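Peer 1: got a sequence here, can you build the structure:
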Amino acid sequence: MTTTDWEGHYQRGETGWDRGHSSPALAHWLETGGLSPCRILIPGSGYGHEALDLARLGFDITAIDIANSPVRHLRQQLNEIKLHANVVQAEALELTALYESLYWGWNVKHFYSFYKREHD
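Peer 2: Numbers count the residues shown, from 1 in each chain. As a prediction, the model looks like this:
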C-alpha cells in the first residue's frame, strides 16, 4: 500500500487492527522482565499505544508510521502527558537496522527472534 492508502484507512476509520490499547504480549514482556528500557523502534506504530506505554517506563522510543493521521495523534498525546518520543512519518522498514530492539505488535515471533538475536 502507499501512504495515501494507509492514510485513507485512518481517515475512514477503517483501523480494525487497532485494539485501542497496547498489545497483551507487550504487557507480558514488561511484567516478566523480558523487556527492559532501551532504545527501541516501533515500526507501523499507528496511534502509538505501545509507544505511550513504553515512554512512560523510560524507553527511548522512535515510533514510525507511514500515515499522517496517527503520527499527528501520537505527537498530540505525548505533548498532553508531557512525555517524549521521536515520532516520524516514514516507511518504517528503512530504519530498523539503527535500533537495539524492535517492537512490532502484529508479529510476536519476528520481535522475539530479533530481540534474542540482538541480545544473546
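Peer 1: chain center to stretch 75-83: distance?
Peer 2: How far stretch 75-83 lies from its chain's middle: 15 Å, per CA atoms, centre = their mean, to the nearest Å.
Peer 1: can you check stretch 33-44 too?
Peer 2: 9 Å.
Peer 1: and it, end to end?
Peer 2: Distance between the two ends of stretch 33-44: 24 Å, counting by CA to CA, to the nearest Å.
Peer 1: any buried residues in it, and which?
Peer 2: Taking 16 or more other CB atoms under 10 Å as the neighbour-count basis, stretch 33-44 is seen to contain the buried residues 35, 40-44. For every residue, glycine as well, the C-beta is placed using N, CA and C.
Peer 1: reformat the residues you listed as a markdown table; add pLDDT and secondary structure.
Peer 2: Below are those laid out as a markdown table (pLDDT from 0 to 100; DSSP: H, G, I helix; E, B strand; the rest coil):
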| residue | pLDDT | secondary structure |
| --- | --- | --- |
| L35 | 82 | coil |
| I40 | 86 | strand |
| L41 | 84 | strand |
| I42 | 88 | strand |
| P43 | 86 | strand |
| G44 | 88 | coil |
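Peer 1: and which of these is nearest to D5?
Peer 2: Nearest to D5, judged by CB to CB, of these is G44 at 13.5 Å.
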